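> show me how the following folds:
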Amino acid sequence: MAQVRLFPPSAAFVVLVHLVATAYMTGVIWFVQIVHYPLMAGWPHDQFAAWEARHRELTGFVVIPGMLLEAVAVVMLLAFSPRRGSPWLIGAGAVLAVGVWVSTFLIQVPCHDLLSLGWDDRVHARLVGTNWLRTVLWTSRLGIAVAMVAPLLSDEPS
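Below is the predicted model:
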């Protein structure tokens, strides 16, 4: 039986944490895109500001830890590139992560800010439409994160 050789456990741990955080956030964004954001249109429009405030409060508990863990893992991968890791994958994943954060704070957060004032069909449509960018970015990041795990499973000597 071939012995599986892993690169240093700390690097392997970071790669795995990165995978888990990215997979978690990819699942969250697909749920938000397909289920949650579209359902907002059915919330009571006369009470929408209150619903939006509660949405933001509760969503933070789900999203903030995952995004922060993923960001820390990306920074660690950039700072301490695993010996068997592809610098191109790490770099591409980091660029996509920056895209997620930029989209979040320059597009989606302002949409939520406007929706906090009350229902607006156009703002909601913009939120749902532009959120596809984050959905694609996170899905792409997940592919990269999976590809980064492959060297962990290799039985070739390092």
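> OK, contacts around Leu58?
The contact partners of Leu58, by CB atoms under 8 Å, 6 or more residues apart in numbering, come to none. For glycine as for every other residue, the C-beta is placed from the backbone atoms N, C-alpha and C.
> report pLDDT for it.
On pLDDT, Leu58 comes in at 95.
> and it, what element?
When elements are assigned from DSSP states H and E, Leu58 belongs to helix 48-79.
> only the buried residues of that helix, if you could.
By neighbour count on 16 or more other CB atoms under 10 Å, the buried set for helix 48-79 is 48, 51-52, 55, 63, 66-67, 69-71, 73-74, 76-77.
> same deal with stretch 91-107?
92-94, 96-97, 99-100, 103-104, 107.
> C-alpha coordinates for that stretch, CSV please?
Listed in CSV are the C-alpha atoms of stretch 91-107, where the atom choice follows Å, rounded to 0.1, in the frame of the first residue of the first chain:
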residue,chain,number,x,y,z
GLY,A,91,-3.4,33.7,-7.2
ALA,A,92,-6.5,33.1,-9.2
GLY,A,93,-8.4,32.1,-6.1
ALA,A,94,-7.3,35.3,-4.3
VAL,A,95,-8.3,37.5,-7.3
LEU,A,96,-11.8,35.9,-7.3
ALA,A,97,-12.0,36.4,-3.5
VAL,A,98,-11.3,40.1,-3.9
GLY,A,99,-14.0,40.2,-6.6
VAL,A,100,-16.5,38.7,-4.1
TRP,A,101,-15.6,41.3,-1.5
VAL,A,102,-15.7,44.2,-4.0
SER,A,103,-19.1,43.0,-5.3
THR,A,104,-20.4,42.6,-1.8
PHE,A,105,-19.5,46.0,-0.6
LEU,A,106,-19.9,48.1,-3.7
ILE,A,107,-23.0,46.5,-5.1
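> that stretch - what's its average pLDDT?
pLDDT averaged over stretch 91-107 gives 97.
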